[in-house]
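Enquirer: I would like the atomic coordinates for the input below:
(one chain, ligands or ions: 1)
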Amino acid sequence: MNTVEFKNVAKNRKDFTIQNLSFTIPTGFITGFIGPNGSGKTTTIQMMMNLLQIDKGDIRIFGNSHKNHHNKQRIGFVYDDLYMYEDFTIANMKAFIAPLYKTWNENLFQRYLAQFELPLRKKVKKFSKGMKMKTSLLFALSHEPEFIVMDEPTSGLDPIFRRELLDLLQDLMINEKQTIFLSSHITTDLDRIADYIIFIYQGKILFQKSMEEIKETFHVVKGKKELIDDDTRELFSGLQLSNTGFQGLFEGNPALFEPFGQDVFIEKATLEDIMYFMTRKE
Ligand SMILES: Nc1ncnc2c1ncn2[C@@H]1O[C@H](COP(=O)(O)OP(=O)(O)OP(=O)(O)O)[C@@H](O)[C@H]1O
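Expert: This next block holds a predicted model:
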């Protein structure tokens with residue numbers, strides 16, 4: 001079952017185009033959304049949250065149109081821009097936000113407030129970036145959403161809280177109905193917690209795969225430069241040549257390289273390797 005379905009979505013911005021964007025977010029899993037700067041992650045999330053009009057295509061959330069305002073009750077949206085609330089304190093924000101949600105859980109709010117060590121009576125505009133992210137997370141989680149959407153939640157967080165956040169997300173998954181979608185540059189975070197990865201580059205989806213499949217099929221192959229010719233070059237999704245050697249990203253069964261014996265060195269690719277090689281311009 002899918003919580004979200006994008007079908008052939010198109011959007012033209014000034015110098016940026018998204019065409020035929022199709023992907024799904026499976027229910028009950030953590031899906032990571034990766035791509036280099038400016039590849040369209042925030043644009044995609046804004047379209048999903050109906051903050052940005054789409055030009056063409058169809059977006060479904062919980063099987064409904066993404067414009068259905070009842071969806072909001074069931075979604076927790078986390079982002080670090082709280083510009084609407086700059087002059088509010090967390091106490092003011094709660095008075096405003098809590099009544100909007102039928103499923104508001106005050107005990108949970110108090111628990112996260114203490115856990116995140118946030119001040120109740122300080123103005124949001126005096127918060128650091130990390131504190132704003134924590135505040136957004138606090139409100140998103142306190143109404144017990146089925147679907148949590150996070151745009152770069154770990155950027156601006158110190159490594160200790162980043163770790164805590166990732167642990168918290170994993171704990172949330174114990175309740176199997178929950179679905180999490182998060183964009184991140186920090187691919188090591190996703191290596192740790194994601195079940196699925198969607199990779200976007202220049203407004204196009206390069207792939208959507210399970211972490212298991214990624215770990216099985218993507219490898220970095222290293223060896224001497226002489227091994228690269230027109231035929232072997234074709235094997236790689238991205239290649240880096242130095243004076244003496246090469247490194248390339250290979251997708252498929254690495255047994256293919258067995259005949260090369262000690263002449264090549266093969267290791268499993270990390271998400272960072274995959275992003276690096278697949279977006280390399282030779
Ligand atoms: N308000 C806007 N009007 C016009 N173009 C925009 C606007 N916001 C973003 N863009 C353009 O859309 C493209 C995609 O940006 P987007 O923020 O979606 O990428 P991203 O993958 O989230 O990047 P990052 O990782 O840097 O946050 C960029 O070329 C950007 O210049």
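Enquirer: tally of neighbours for the residue lying closest to residue 40 once chain neighbours are set aside?
Expert: Once flanking residues are discounted, residue 40 sits nearest to residue 203: 4.6 Å by C-beta to C-beta, 6 or more residues apart in numbering. The C-beta positions use only the backbone N, C-alpha and C, and glycine is treated the same way. Neighbour count for residue 203, taken as other C-beta atoms under 10 Å: 21.
Enquirer: tell me the contacts of the residue in the stretch 101-250 of the chain positioned nearest to the ligand?
Expert: Per C-beta to the nearest ligand atom, residue 185 is where the stretch 101-250 of the chain lies closest to the ligand, at 6.0 Å. Listed by C-beta atoms under 8 Å, 6 or more residues apart in numbering, the contact set of residue 185 reads 34, 36, 37, 152, 155.
Enquirer: filter the residues you listed to the buried ones?
Expert: Among the contacts of residue 185, those classed as buried by neighbour count (16 or more other C-beta atoms under 10 Å) are 34, 152, 155.
Enquirer: the last one: what secondary structure?
Expert: When the structure is reduced to helix, strand and coil (DSSP: H, G, I helix; E, B strand; the rest coil), residue 155 reads as coil.
Enquirer: how about the contacts made by it?
Expert: 80, 129, 133, 184, 185, 186.
Enquirer: that one and residue 210: what is the separation?
Expert: Using C-beta to C-beta, to the nearest Å, one obtains 25 Å as the distance from residue 155 to residue 210.
Enquirer: go on, the first one?
Expert: In this structure, residue 34 lies at 14 Å from residue 210, with C-beta to C-beta as the measure.
Enquirer: ok, the second one next?
Expert: To residue 210, residue 152 is 22 Å away according to C-beta to C-beta.
Enquirer: any low-confidence regions in the stretch 101-250 of the chain?
Expert: Along the stretch 101-250 of the chain, segments meeting pLDDT under 70 span 175-176.
Enquirer: tell me which stretches of it form helices.
Expert: With DSSP state H, counting those that start in this stretch, the ranges of helices along the stretch 101-250 of the chain come out as 106-115, 129-142, 159-172, 187-193, 211-217, 230-233.
Enquirer: now, of those helices, which is deepest in the fold?
Expert: helix 129-142 (a mean of 22; mean count of other C-beta atoms under 10 Å).
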